[in-house]
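Novice: here's a sequence, model it:
(one chain, ligands or ions: 1)
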Amino acid sequence: MDIETSAPPPAFDSEPLIDMTRVAKTYAALDGSTVRAVDSVTATIKRGEFISILGPSGCGKSTLMMMIAGLLAPSEGEITMAGSRVRGPNENVGVVFQDPILFPWRSVKQNVELPGEISGLSRGRRGERAMEMLKLVNLSGFENKFPSELSGGMQQRVAIARALSGAPAVLLMDEPFGALDAMTREQMNLEMQRISLQSGVTIIFVTHSISEAAFLSDRVFVMSGRPSTVREIVTIDIPRPREIGLMNSDRFGAYVSRLRKLLDS
Ligand code: ADP
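Specialist: Residues are numbered from 1 along each chain as shown. Alright, predicted model coming up:
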């Protein structure tokens, strides 16, 4: 990914990046009982897409995301990324959680450099890369600050910059703005749209906010209740860039009601 050469708008007839075939997860509890968290998900995600996984709390969204990230093994089925089977954590994937999980003793820049350190990038190259990513998330000038000196929204931007600094093919985001106040969250939604358009990275965004999913996504995977599967995939056919005012339009309202109906059914 290169932010200097602004990526073309995502072409959804582009090649598939992630293929999930009958993916399922059953957890074993300590008392011997089992929880079927995800049941037979089959879907394809193309390069450059912005996908939201929408569903009620506890329906298995995080479980599905962790399996795509290679942080959790499916009990059944198979996930492939860029043609190779996902067998564990790998450098194709960057992850952002609700809690930014920054190292408090490291500066903003040092936090963002972490993936480069782990993959053995030279000091110069990982520093350059960190500065590029901080620019992408609008934090140029904050590189020498420490996490405690930043607001919650800014800390989350650092986490996004860090996840992108490893140049992943896909950015997985698990309720990333769930802990932010409503105004900051709206601002971060606009930022995510910009970052997605500028970087061209594929994004899988877990949320239980219907309007957030509709605003950000090319396609919304609506999950059923547990054991969850993808009940329906809704394509949000609204051109980008989308303005916040769009949320007051009838067109947007129609998508929101459709998604809500699917969630309630
Ligand atoms: P969501 O992200 O949609 O809130 P999760 O994927 O976190 O849902 O959880 C789905 C279901 O799986 C929940 O019922 C949860 O209690 C259960 N679960 C999640 N992790 C574990 C685990 N490690 N062991 C047993 N059950 C789990």
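
Novice: get me the contact residues on the stretch 51-200 of the chain for the ligand.
Specialist: Residues of the stretch 51-200 of the chain lying close to the ligand by C-beta under 6 Å from any ligand atom are 55, 57-63. In this view, the C-beta of every residue, glycine as well, is placed from N, C-alpha and C.

Novice: now those: which count as buried?
Specialist: Among these, those classed as buried by 16 or more other C-beta atoms under 10 Å are 55, 59-63.

Novice: export those residues as TSV, with columns for distance to residue 171, secondary structure and pLDDT.
Specialist: Output for those, formatted as TSV (distance: C-beta to C-beta, whole Å; DSSP: H, G, I helix; E, B strand; the rest coil; pLDDT from 0 to 100):
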residue	distance to residue 171	secondary structure	pLDDT
55	19	coil	92
59	22	coil	90
60	20	coil	92
61	16	helix	93
62	15	helix	94
63	18	helix	95
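
Novice: farthest-separated two in the residues of the stretch 51-200 of the chain next to the ligand?
Specialist: Farthest pair in those (C-beta to C-beta) is 57 and 63. Separation: 12.4 Å.

Novice: so what sits against both of the two?
Specialist: Shared contacts of residue 57 and residue 63, defined by C-beta atoms under 8 Å, 6 or more residues apart in numbering, are absent.

Novice: report how many residues lie close to residue 182.
Specialist: By other C-beta atoms under 10 Å, the residues close to residue 182 number 8.

Novice: separation between it and residue 241?
Specialist: Relative to residue 241, residue 182 is positioned 21 Å away (C-beta to C-beta, to the nearest Å).

Novice: swap in residue 24?
Specialist: Distance of residue 24 to residue 241, computed by C-beta to C-beta: 37 Å.
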